[in-house]
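S.K.: With the input below, show me the fold.
(2 chains)
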Amino acid sequence: MIRLLALLILFAAPLRAEEVVAGLSQNRIAITASFSGSDILVFGAVKRETPAPEGPLQVIITLQGPPLEVTVRRKDKVAGIWVNTDAVRVSRSPSFYAIAATAPLREVLSETEDLRHAVSIPRAIRAVGSGLEDAGVFTDALIRIRTEEGSFTLDEAGVELAEGTLFRTRFVLPANLTEGAYTTRILLTRGGQVVDSHEATIDVRKVGLERWLFALSREQPLIYGLLSLVLAVAAGWSASAVFRYIRN
Amino acid sequence: MPMQIYLPIAEVSVNALVLFGLGGIVGLLSGMFGVGGGFLITPLLFFIGVPPTVAVATGANQVVASSVSGVLAHIRRRTVDFRMGWVLLFGGLIGSALGIWVFNILSALGQIDLTVQLSYVLFLGFVGLLMFQESLRSILRARQPARKITRRHQHLLVHRLPLKMKFRTSGLYISVIPPILVGMLVGVLAAIMGVGGGFIMVPAMIYLLGMPTKVVIGTSLFQIIFVTAFTTVMHAVTNQSVDMMLALLLILGGVVGAQFGTQIGAKLKAEQLRILLALLVLGVCALLALDLLWRPSELYSISVEGRA
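M.R.: The predicted structure follows:
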């Protein structure tokens, strides 16, 4: 990673006036049985060969979980009862998406740059053409629900920038994390244009008993199912035995 | 002390004590009434944030445990009619196969959720009202001893059919055709609605087969073990949605609850037991009906189809 970064700096140096040098407090998260969420600190500095250009420098930092394919359904009243009617498929919706920035997003990032880098929440979601006239309402609903449950967050004052050089932010990862590769992106902008960006990966994995159970359920489903039954029968029998012992 | 626990298959973190409590309540009802509690545990798990597929499959697994615990207590009191249990189970397995077939047809038509919910409301409402009215009448009758009429030999349809068999524990000498049909009906519904079927089985045994209430509970639990064991393995193999960690916590609460439930059940009179079950069934029915009739606070729902 460091070597790659060094290489990047070497090649990019003559082209870019400002570059990101960044670090993470941890690049892997282990999900154990007692896992109850985690903190990630993203920090770094802006490297310059020449004096800083005019205008304020802005920093946007995002953290994105593994993308999921989801269906958003809407209920309508049919013959007096509420039933699912229309549905829209979203081929790509991050399981977790957090944005932190030094200022409101629309001030620090132009519409075209947002489109190119897929930064804002609506841009990070990709819906499948549904033929419904109001398909946009469905993606709005997806964002609303995910924001309410804390899976999507936007903190427009979440990045601290000191002396136009040092920056840091803290992301709080909830306890109900989906396993997989989480990517963090750091974007430097000036006047709404991205001047440099940097990406790093955080590996979120189940470990120990969690890993073993999950793997068994996928690789040996029949054995897993039978094991669940053995567990159930043994627990039922021993509870009965214990209670009989207590009463006698 | 943090009691949060991360569930490996459901991929959510939940409070262990909450799960233990949920399991306990369902186990208590299971031991008291002979219902597996599948119709309660699934919506409750859904409520605390467990995905529906995991809730259905893991609920079935927990019902196996509480039924085993309950049935052992009943066996010691000799209130399990094994012969009747096997006959019902025979019908039940045929019914299950039929039910899975119907389920697939309905899924292809795209309205399985609605069908499940509607059949819940209809069956729970019908069964609940029937039981409530009957048990209320027998309680009122018991209060007026002067007018008490004992009908020892009720000649139901079950006495006129061929292939008669002696069910000694139940004190019945009836044709095997009605129990097989009852088993089949419950099997079909169990497969479609994803439950053990105790709440239909119990009233059916009392009112259609004329079995004594005390025997009904143990016998119902006995056959629920097999139906839910089958369901658990099927879900584990096809959907990989059984969460063993979740099941373990629910089971710990459930087996304890089932033992207490059996003791409470033994102290209550048969009519009281029936009226309580009727109220429980009607309560769940009312909640589900409201859910269909009331405007939901959130009209949109998200279901995860897989990794993108």
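
S.K.: where in the chain is pLDDT low?
M.R.: If you meant another chain, say so; for now it's chain A. Judged by pLDDT under 70, chain A has its weakly predicted residues at A:1-16, A:129-131.

S.K.: nope, chain B please
M.R.: For chain B (pLDDT under 70), the answer is B:1-2, B:34, B:36, B:104, B:107-113, B:144-162, B:193-196, B:308.

S.K.: what's the distance between the residue most central in space within it and B:Val116?
M.R.: Closest residue to the average C-alpha location of chain B: B:Gly198 at 3.1 Å, with CA atoms, centre = their mean. Applying CB to CB, to the nearest Å, the value for B:Gly198 to B:Val116 is 17 Å. Every C-beta, even on glycine, is put in place using the N, C-alpha and C of the backbone.

S.K.: returning to that earlier point: isn't the residue nearest to the centre of chain B up against B:Thr219?
M.R.: No. Using CB atoms under 8 Å, B:Gly198 is not in contact with B:Thr219; the gap is 10.5 Å.

S.K.: how about the strands in chain A?
M.R.: A:18-24, A:28-31, A:38-48, A:57-64, A:67-78, A:81-94, A:97-101, A:126-127, A:152-155, A:160-162, A:166-173, A:180-190, A:193-206 (DSSP state E).

S.K.: Distance to B:Leu273 and mean neighbour count added to these, as CSV?
M.R.: Converted to CSV, these look like this (distance: least, CB to CB, whole Å; neighbours: other CB atoms under 10 Å in any protein chain shown):
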stretch, distance to B:Leu273, mean neighbour count
strand A:18-24, 61, 19
strand A:28-31, 45, 17
strand A:38-48, 49, 17
strand A:57-64, 55, 24
strand A:67-78, 38, 17
strand A:81-94, 33, 18
strand A:97-101, 52, 24
strand A:126-127, 53, 16
strand A:152-155, 49, 18
strand A:160-162, 65, 14
strand A:166-173, 49, 19
strand A:180-190, 50, 20
strand A:193-206, 44, 17
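
S.K.: Just send those strands back as JSON lines, with distance to chain B too.
M.R.: As requested, the strands of chain A are arranged in JSON lines below (distance: least, CB to the nearest CB, whole Å):
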{"stretch": "strand A:18-24", "distance to chain B": "22"}
{"stretch": "strand A:28-31", "distance to chain B": "6"}
{"stretch": "strand A:38-48", "distance to chain B": "11"}
{"stretch": "strand A:57-64", "distance to chain B": "12"}
{"stretch": "strand A:67-78", "distance to chain B": "4"}
{"stretch": "strand A:81-94", "distance to chain B": "4"}
{"stretch": "strand A:97-101", "distance to chain B": "13"}
{"stretch": "strand A:126-127", "distance to chain B": "8"}
{"stretch": "strand A:152-155", "distance to chain B": "12"}
{"stretch": "strand A:160-162", "distance to chain B": "29"}
{"stretch": "strand A:166-173", "distance to chain B": "11"}
{"stretch": "strand A:180-190", "distance to chain B": "8"}
{"stretch": "strand A:193-206", "distance to chain B": "6"}
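
S.K.: and of these, who's closest to B:Ile100?
M.R.: Nearest to B:Ile100 among the strands of chain A is strand A:81-94 (22.5 Å), distances taken as CB to CB.

S.K.: about what we covered before: what distance do you get for the residue nearest to the centre of chain B to B:Ala97?
M.R.: Taken as CB to CB, the spacing of B:Gly198 relative to B:Ala97 amounts to 20 Å.

S.K.: A:Ala200 now?
M.R.: Distance, A:Ala200 to B:Ala97, using CB to CB: 53 Å.

S.K.: next one: B:Gly257
M.R.: Between B:Gly257 and B:Ala97 the computed distance is 32 Å (CB to CB).

S.K.: Same drill for these two, tell me which one is more crowded.
M.R.: B:Gly257 (28 against 13; other CB atoms under 10 Å in any protein chain shown).

S.K.: For chain A, see how far away the more buried one is.
M.R.: Here the criterion is CB to the nearest CB, to the nearest Å. By it, B:Gly257 lies 9 Å from chain A.

S.K.: which SSE is that residue in?
M.R.: helix B:244-267 (DSSP states H and E).

S.K.: Would the following helix or strand past that helix count as contacting chain A?
M.R.: From helix B:244-267 onward toward the C-terminus, using DSSP H and E, the following helix or strand is helix B:270-293. Yes. Counting by CB under 8 Å from any CB of the partner chain, chain A has neighbours in helix B:270-293: B:291-293.
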